[in-house]
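# Need the 3D shape of this:
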Amino acid sequence: MAGRKLSDLTTTESLSNDDLVYVVDISAAAGSKSKGITKANLAAQMSTSVASTEPVENEYADITSLLSDQGSQTTSFLQYVVDASDDPNIASGEAYYEKLATSTTTLADDYRLLSDTEVTVVKDSNSYRVFRIEAIQDEGTPLTSVSGGKVSFEYSGANVTAILFNKRYTDAIAEFYGKDVSIRFHNRAANKYETEAVASTAWTTVNTDYYRAAVTGTNIQIADLTVNNRCEFFIVEAATGGGSTATSKTGTSIVFTENALYNEATYLTSGNLTLSLTGAVKDTYCAVYCNGYVPTISGEDVFISSGALSANKLNILSFYYDGTKIYLNIGNVDNLTAPTLTLTPGDEEMQIDWSAITNADNYVIERADDSGFTTNLTEIYNGALLTYTNTGLTNGTTYYFRGKAEGAGYIESTWGATVSDAPEAGTDFTIGLVASYQFSGTSGLDYTTNHNASSSTYTNATGKVGNCASFNGTTENLVINSSGDFTFSDGVNDVAFSICFWVNPDAATGVKYLMDRSNGGNSDWLIFRQTSDITMYIASGGSNTNRYNAVIGYTASTWNHMVITYDGSETLAGLKTYLNGVASGSQTQTGTYVRAQTSSANNIYIGGSDSGTNRFDGDFDELKIYKNRVLTPTEILEMYTLENAGTSVLP
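Just a heads-up that it's a prediction; the model follows:
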């Protein structure tokens with residue numbers, strides 16, 4: 001062949017699969033640019049190129065519109081621009097671009113301009129495309145348009161009655177207009193495959209730009225469709241005879257017959273493949289997707305033209321029967337891991353979070369009323385974020401959730417593990433609250449406004465929720481005037497109370513008062529710090545000689561959340577102590593306990609005693625005093641969890 005011009009070579013109209021086609025490798029060194037490839041391998045390479053496999057996702061009027069809408073574009077998908085004259089490589093007219101991984105709004109960095117040959121492939125690959133659903137509308141209000149890269153459905157009752165195709169696809173399938181065709185539809189979200197027939201008289205044009213195909217069957221159900229679902233369309237003319245008739249596939253048995261009207265791409269997660277040449281027709285084919293496993297292929301001999309099966313990836317198996325042999329080209333795509341969902345219940349809502357999955361660009365979340373996902377199955381989210389809050393739920397009702405990841409093209413994970421929980425109203429921490437000090441400033445203001453400090457000398461520091469009170473241990477304290485709200489007795493019987501606070505003691509030793517409600521020798525209750533614990537005395541009849549003792553250990557120079565509750569039963573069993581959200585500490589009795597304090601005339605001193613001695617050194621925050629309310633262990637844990645994360649429990 002050396003020294004001969006290409007124009008001198010004999011041309012041919014047909015090739016066998018083993019014939020070599022010579023191509024020029026423009027990147028090779030001089031003298032080795034000519035390379036040979038068999039017809040079968042060339043076909044396999046072309047079938048997996050971006051021009052053949054990825055759909056035209058969006059349509060734009062000009063380059064500016066293309067660059068400003070990158071959030072709607074998927075890596076490797078094609079974007080069509082009507083007027084691409086702002087591209088230095090395009091003098092005028094249209095252009096197709098492949099979206100690259102970067103998004104800098106720079107044309108040269110973010111897109112690859114398709115060659116004229118690739119554009120020809122795109123325009124000719126008119127029978128198969130992937131779209132997202134833009135609208136699902138009652139046929140009583142007919143659709144009038146659909147965006148580029150999208151498809152829309154009209155319905156009546158439970159069934160789809162018509163499909164409206166976008167302008168670019170309308171142009172691509174012009175050859176099918178006015179003909180009897182079969183539309184093969186695959187809904188990726190529901191993982192369902194359906195076939196519908198369109199009669200030659202069922203085609204109409206809407207607003208001059210959009211083809212509307214009315215379907216007569218009931219195979220495509222509206223319950224299986226959700227806006228933004230990805231779906232595939234494969235259209236073939238309804239005719240019999242040989243040639244490029246597509247392959248039917250039933251279950252996992254592949255037959256190369258002529259009476260099928262569609263090519264079925266089946267997404268399998270298990271099962272083997274059986275080939276049959278009974279009634280086979282030359283030039284038939286089938287694509288099978290086996291996700292994360294290696295199927296056994298039996299029934300007929302297969303010549304593997306390229307590729308190898310992988311147990312950890314999505315295997316794309318392309319079978320082709322040339323009348324003599326069955327050829328198989330295998331492509332592999334990294335498999336996607338299903339997202340793991342984390343639920344956080346709220347009031348009539350559920351927050352759902354998950355982590356990013358490698359190679360995923362979209363996530364689908366479904367909710368149902370049962371673990372089998374058969375009752376009230378609803379797709380609640382379809383998008384690229386990693387969190388979603390599902391609102392409008394019923395408190396106390398258990399809901400089930402699952403998620404899957406999707407990638408560019410056909411790739412998608414299986415459904416992840418099911419998680420469930422019930423939304424619930426948050427605890428109302430204002431009920432029974434008689435005073436609360438959040439120490440956001442240095443004035444000792446009460447959240448309820450009923451018991452603001454009459455005097456205050458402390459500084460602010462960073463607390464658990466905003467600022468806190470920081471006491472120096474010598475000159476600083478807070479004084480709250482006397483009130484019956486702080487007397488835990490009605491004069492005859494004890495009443496319930498709960499006291500909650502965060503404390504961060506310095507490393508000093510000895511007795512230091514956190515709170516003291518007394519007047520000289522007439523004590524009601526007091527909370528003080530000792531070397532290794534914080535203790536509350538509940539005095540009986542105003543005397544510390546007879547009392548209940550609530551004792552909680554602590555860690556110095558660290559924030560400790562403490563709660564002391566008493567149910568008013570005048571029994572030691574009614575006294576409880578909690579540290580950092582869980583039951584902790586001890587309860588003891590000294591002397592003979594009759595009932596709690598009888599006085600309401602004593603002030604409360606915070607950060608010191610009534611005498612001004614033994615002042616507390618450390619930080620104090622989020623003090624709450626409840627009367628006639630015993631916080632439950634669940635409520636205490638909720639309070640600790642929220643405040644430990646820096647969130648106030650008070651509205």
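# Relative to the whole chain's centre, how far out is stretch 269-285?
Counting by Cα atoms, centre = their mean, to the nearest Å, stretch 269-285 is centred 38 Å from the centre of its parent chain.
# Name all residues that make contact with Pro423.
Contacts for Pro423 (Cβ atoms under 8 Å, 6 or more residues apart in numbering) come out as 345-350, 393-397, 399. For glycine as for every other residue, the C-beta is placed from the backbone atoms N, C-alpha and C.
# Please check those residues and keep the buried ones.
345-346, 350, 393, 399 (16 or more other Cβ atoms under 10 Å).
# Which two of the contacts of Pro423 have the greatest separation?
The span of the contacts of Pro423, defined through Cβ to Cβ, is set by Asp347 and Tyr399 at 14.2 Å.
# From the contacts of Pro423, pick the one nearest Ser498.
The nearest member of the contacts of Pro423 to Ser498, counting by Cβ to Cβ, is Asp347 at 22.6 Å.
# what about the closest one, distance to Leu637?
Distance of Asp347 to Leu637, computed by Cβ to Cβ, to the nearest Å: 18 Å.
# which one of the buried ones among the contacts of Pro423 is nearest Gly441?
Closest approach between the buried ones among the contacts of Pro423 and Gly441, by Cβ to Cβ: Gly346, at 30.6 Å.
# Leaving out chain neighbours, which residue sits closest to the closest one?
Spatial nearest neighbour of Gly346, excluding adjacent residues (Cβ to Cβ, 6 or more residues apart in numbering): Pro423 at 6.0 Å.
# Tyr327 touches Asp301, doesn't it?
No. Applying Cβ atoms under 8 Å as the test, Tyr327 and Asp301 come out as separate, 10.7 Å apart.
# Give me the more crowded residue out of those two.
Tyr327 (22 against 10; other Cβ atoms under 10 Å).
# So what sits opposite the more buried one in the bridge?
Listed beta-bridge partners, Tyr327: Phe303, Tyr320 (assigned using DSSP bridges).
# before we move on, what about Arg132?
As for beta bridges, Arg132 partners with Lys150, Arg230 under DSSP bridges.
# Does it touch Ser147 like I think?
No. Applying Cβ under 8 Å, one finds Arg132 not in contact with Ser147, separated by 9.3 Å.
# These two: which is more packed in?
Between Arg132 and Ser147, counting by other Cβ under 10 Å, Arg132 is the more crowded of the two (21 against 16).
# so Ser436 touches Pro651, yeah?
No. Assessed by Cβ under 8 Å, Ser436 is found out of contact with Pro651, at 11.7 Å.
# With neighbour numbers in mind, choose between those two.
Using other Cβ under 10 Å as the criterion, Ser436 and Pro651 rank with Ser436 on top: 21 against 8.
# For the more buried one, list each beta-bridge partner.
Ser436 has these beta-bridge partners by DSSP bridges: Lys624.
# Glu196 now?
Where Glu196 sits in a bridge, its partners, by DSSP bridges, are Ile183.
# Now do it: how many residues are near it, please.
The tally of other residues near Glu196 (other Cβ under 10 Å) stands at 20.
# Same question for Lys150.
Around Lys150 there are 21 residues (other Cβ under 10 Å).
# need the helices for the stretch 1-150 of the chain, in chain order.
Per DSSP state H, counting those that start in this stretch, the stretch 1-150 of the chain carries helices over the ranges 39-47, 50-53, 63-68, 107-110, 116-124.
# Confidence-wise, which of those helices is weakest overall?
Here these differ in mean pLDDT, and the lowest is helix 50-53 at a mean of 48.
# Next up, the contacts around the closest residue to Arg629 other than its chain neighbours.
In this structure, Arg629 finds its nearest non-sequential neighbour in Gly432, 3.0 Å apart by Cβ to Cβ, 6+ apart. With contact taken as Cβ under 8 Å, 6+ apart, Gly432 is in contact with 498, 626-629.
# out of those residues, which are inside helices?
Among the contacts of Gly432, no member falls in helices (criterion: DSSP state H).
# and the two most separated of these?
Largest separation among those by Cβ to Cβ: Ser498 and Asn628, giving 9.7 Å.
# Secondary structure class of Arg168, three-state.
Secondary structure for Arg168, judged by DSSP: H, G, I helix; E, B strand; the rest coil, is helix.
# Give me the buried positions along stretch 334-341.
Buried residues in stretch 334-341, counted by 16+ other Cβ under 10 Å: 335-339, 341.
# Distance from it to the middle of the chain?
Distance, centroid of stretch 334-341 to centroid of chain: 12 Å (Cα atoms, centre = their mean).
# Stretch 183-202 too?
Put simply, stretch 183-202 sits 29 Å off its chain's centre (Cα atoms, centre = their mean).
# what sits against Val582?
Applying Cβ under 8 Å, 6+ apart, the residues contacting Val582 are 633, 637.
# Ignoring the adjacent residues along the chain, who's closest to Glu379?
That would be Thr226: by Cβ to Cβ, 6+ apart, it lies 4.3 Å from Glu379.
# Which one among the buried residues of stretch 334-341 sits at the bottom for pLDDT?
The pLDDT minimum for the buried residues of stretch 334-341 sits at Asn335, where the score is 73.
# does that residue really touch Tyr289, like I thought?
No. Applying Cβ under 8 Å, one finds Asn335 not in contact with Tyr289, separated by 11.1 Å.
# Next, show the common contact partners of the two.
Here Asn335 and Tyr289 have Leu314 as joint contacts, going by Cβ under 8 Å, 6+ apart.
# Domain-wise, how is the protein divided?
With domains defined by automatic domain parsing, the chain comprises 16-40, 52-109, 128-334, 343-416, 433-644.
# can you tell me which of the ones you listed comes nearest to Val119?
Taking Cβ to Cβ, domain 52-109 is the member of those nearest to Val119, at 5.4 Å.
# My understanding was that Ser72 contacts Asn58; is that so?
Yes. In this structure, Ser72 is within contact of Asn58 by Cβ under 8 Å, at 6.1 Å.
# higher neighbour count, the two?
A count of neighbours by other Cβ under 10 Å puts Asn58 above the other of Ser72 and Asn58, at 24 against 12.
# Tell me who's in contact with that one.
Counting by Cβ under 8 Å, 6+ apart, the residues that Asn58 touches are 69, 72-73, 79-80, 147-149.
# Which of the contacts of Gly432 has the largest number of neighbours?
Neighbour counts for the contacts of Gly432 (other Cβ under 10 Å) peak at Ser498, which has 24 neighbours.
# In this structure that one contacts Met562, no?
No. Using Cβ under 8 Å, Ser498 is not in contact with Met562; the gap is 11.1 Å.
# which intervals of the stretch 151-300 of the chain have sub-threshold pLDDT?
Low-confidence segments of the stretch 151-300 of the chain (pLDDT under 70): 188-193, 236-251, 257-267.
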